[in-house]
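Novice: how would this look folded up:
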Amino acid sequence: MLLFAIHGGMGVHISDIIAGNPAAETGLQPGDIITQIGNAPIAESHPYLNTLYGFAPGQELEIQFIRNIRPKTVTLVLTESR
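Specialist: Residues are numbered from 1 along each chain as shown. Prediction:
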């Protein structure tokens with residue numbers, strides 16, 4: 001998953017999804033706005049990355065996001081970076 005833009009301090013905008021990774025497999029899409037990972041609210045990209053570093057491959061991760069102004073939640077299993 002590639003994340004670049006902050007969304008007015010209210011989450012991280014997904015700009016692109018890499019096919020075959022856990023984010024793609026859960027159905028996350030470009031344009032979705034990640035607002036929370038686990039119990040950690042996400043307002044911008046730097047804390048988002050710090051939050052991800054706290055997890056290990058194989059762990060399940062609940063991600064809350066907004067798509068078309070509707071809140072949604074997915075659970076994905078982390079894999080090692082390729």
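
Novice: per-residue confidence for the most centrally placed residue in the chain?
Specialist: Nearest to the geometric centre of the chain sits I34, at 5.1 Å (C-alpha atoms, centre = their mean). Note for I34: predicted pLDDT of 90.

Novice: Help me confirm that it comes into contact with V12.
Specialist: Yes. When contacts are counted by C-beta atoms under 8 Å, I34 is listed as touching V12 (4.7 Å). No exception for glycine: its C-beta is placed from N, CA and C like everyone else's.

Novice: I'd like to know how many residues surround I33.
Specialist: Residues lying near I33 (other C-beta atoms under 10 Å) number 21.

Novice: Would you mind measuring from it to G20?
Specialist: 22 Å (C-beta to C-beta, to the nearest Å).

Novice: Next: G31.
Specialist: 19 Å.

Novice: So these two - more neighbours on which side?
Specialist: A direct count of neighbours by other C-beta under 10 Å for G31 and G20 places G31 higher, at 13 against 10.

Novice: No more questions from me, cheers.
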